[in-house]
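Undergrad: below are the sequence and a predicted model; questions follow.
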Amino acid sequence: MSHALVPASYVLLLRGPRGDEEILLHLRQNTGFRDGRWATIAGHVDPDESARTAAQREAYEEAGVSIAPDALEPLTTLHRWVQGGPAVEQRVDFFWIARSWSGEPRIAEPEKSADQRWFRLRDLPQPGVEHEMIVIEAYLRGLVPPILTLTSHAG
């Protein structure tokens, strides 16, 4: 039996003083995944790149900002899997925080983003992408373990 684990990188682009930060979110559209929900900068890790490089690439592709490698702070890794589900639902998500970047954030992929705005971390819009909100809520509580696991059941 072969096992596939689909990797993705997520960037929490944060500004403002710690404890009263704002996060850049975009409203997904035409992607086939969680359209109509507010989401962080995110995307799959390509076969020829690291999780950190994927985070940098996605930040540029989605928000038009460049992030230096050392400006990406690892936050957590989320292992999401569907018990009894297909291989494509076995995922590992690398979450990063970026507090500095170059360029002014903008909608760089208008076909995939209906809106993009800054929101206070303590006042997030709904609906959000569920697993991203779990990580953001853990960050707000100050209790982010190095590895999180989220299990659901097929059917």
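TA: Received it, and whenever you're ready, just let me know what you need.
Undergrad: please count neighbours and contacts with C-alpha atoms only from this point.
TA: Will do.
Undergrad: how distant is the least confident helix or strand in the chain by mean pLDDT from the center of its chain?
TA: Taking mean pLDDT, DSSP states H and E as the measure, the helix or strand of the chain with the lowest value is strand 147-153, at a mean of 85. Computed by C-alpha atoms, centre = their mean, to the nearest Å, the separation of strand 147-153 from the middle of its chain amounts to 16 Å.
Undergrad: with stretch 27-40 instead?
TA: Offset of stretch 27-40 from its chain centre (C-alpha atoms, centre = their mean): 12 Å.
Undergrad: what is the rounded mean pLDDT of it?
TA: Averaged over stretch 27-40, pLDDT sits at 93.
Undergrad: tell me how far the ends of it are from each other?
TA: Here the two ends of stretch 27-40 are set 9 Å apart, with distance taken as C-alpha to C-alpha, to the nearest Å.
Undergrad: same thing with stretch 109-116?
TA: Across stretch 109-116, the straight-line distance between its terminal residues is 10 Å, by C-alpha to C-alpha.
Undergrad: buried sites along that stretch?
TA: With burial defined by 16 or more other C-alpha atoms under 10 Å, the residues of stretch 109-116 counted as buried are 112, 113, 114, 116.
Undergrad: contacts for stretch 124-134, please.
TA: Stretch 124-134 is touched from outside by 34, 36, 37, 38, 39, 40, 119, 150, with contacts defined as C-alpha atoms under 8 Å, 6 or more residues apart in numbering.
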